[in-house]
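Enquirer: model this:
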Amino acid sequence: MPKLNTTVKAVRIDNDKLAEIESRLGGQTFNAWFNEIIDKFLGGSVKKSIVNEGKPVIPNELEEIEGMVAFSGLTMKQFWDDIAYKLNEGVLMFTSTGTEVACEPWVEEMKDVCKDKGIPVEKAVQMVMKL
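Expert: As a prediction, the model looks like this:
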């Protein structure tokens, strides 16, 4: 039974898109799904994505990334190509706890040797660079 404090709002949705949405929802109704999206949006876990004066609104996180990339002298394409390459090579991994950068096996071994010898890794690397 519908709530008493609700409003019916007509929304135009492309028939093909609606059919695709309904097929992905399984047994859930469109109305229930849409109300979940509204709750997430109001709770702040879904960002507003609109077009402003013909230009997409870019979330702050993307603006920060673009600034860092520009500072590095790379283009956005070069940056994303590098990320894709590192993901494919297993050097960069996204996990449920965050982002991890994998090191070559010898790096871990060098850390262990330095620890056993009581030498800071940075000092050992500086000594090798002077050779």
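Enquirer: what helix or strand is the residue nearest the centre of the chain on?
Expert: With distances taken as C-alpha atoms, centre = their mean, F94 lies nearest the centre of the chain, 8.7 Å away. Secondary structure from DSSP states H and E places F94 in strand 92-95.
Enquirer: just to revisit the earlier point, how much space between the residue nearest to the centre of the chain and M68?
Expert: Separation of F94 from M68 (C-beta to C-beta, to the nearest Å) stands at 18 Å. Yep, even glycine has a C-beta here, placed from its N, CA and C like the rest.
Enquirer: and G43, by the same measure?
Expert: Distance from G43 to M68, counting by C-beta to C-beta: 29 Å.
Enquirer: neighbour count for the two, which is higher?
Expert: In this view G43 and M68 are compared by other C-beta atoms under 10 Å, and M68 has more residues nearby, 11 against 8.
Enquirer: and the helix or strand hosting that one, what other elements does it pack with?
Expert: Assessed by DSSP H and E, M68 sits inside helix 60-72. Judged by 3 or more C-beta pairs under 8 Å, 6 or more residues apart in numbering; DSSP states H and E, the packing partners of helix 60-72 are helix 76-89.
Enquirer: to the chain's geometric centre, what's the distance from the helix it packs on?
Expert: From the chain centre to the centre of helix 76-89 is a distance of 14 Å (C-alpha atoms, centre = their mean, to the nearest Å).
Enquirer: ok, now stretch 72-89?
Expert: Put simply, stretch 72-89 sits 14 Å off its chain's centre (C-alpha atoms, centre = their mean).
Enquirer: cool, thanks, signing off.
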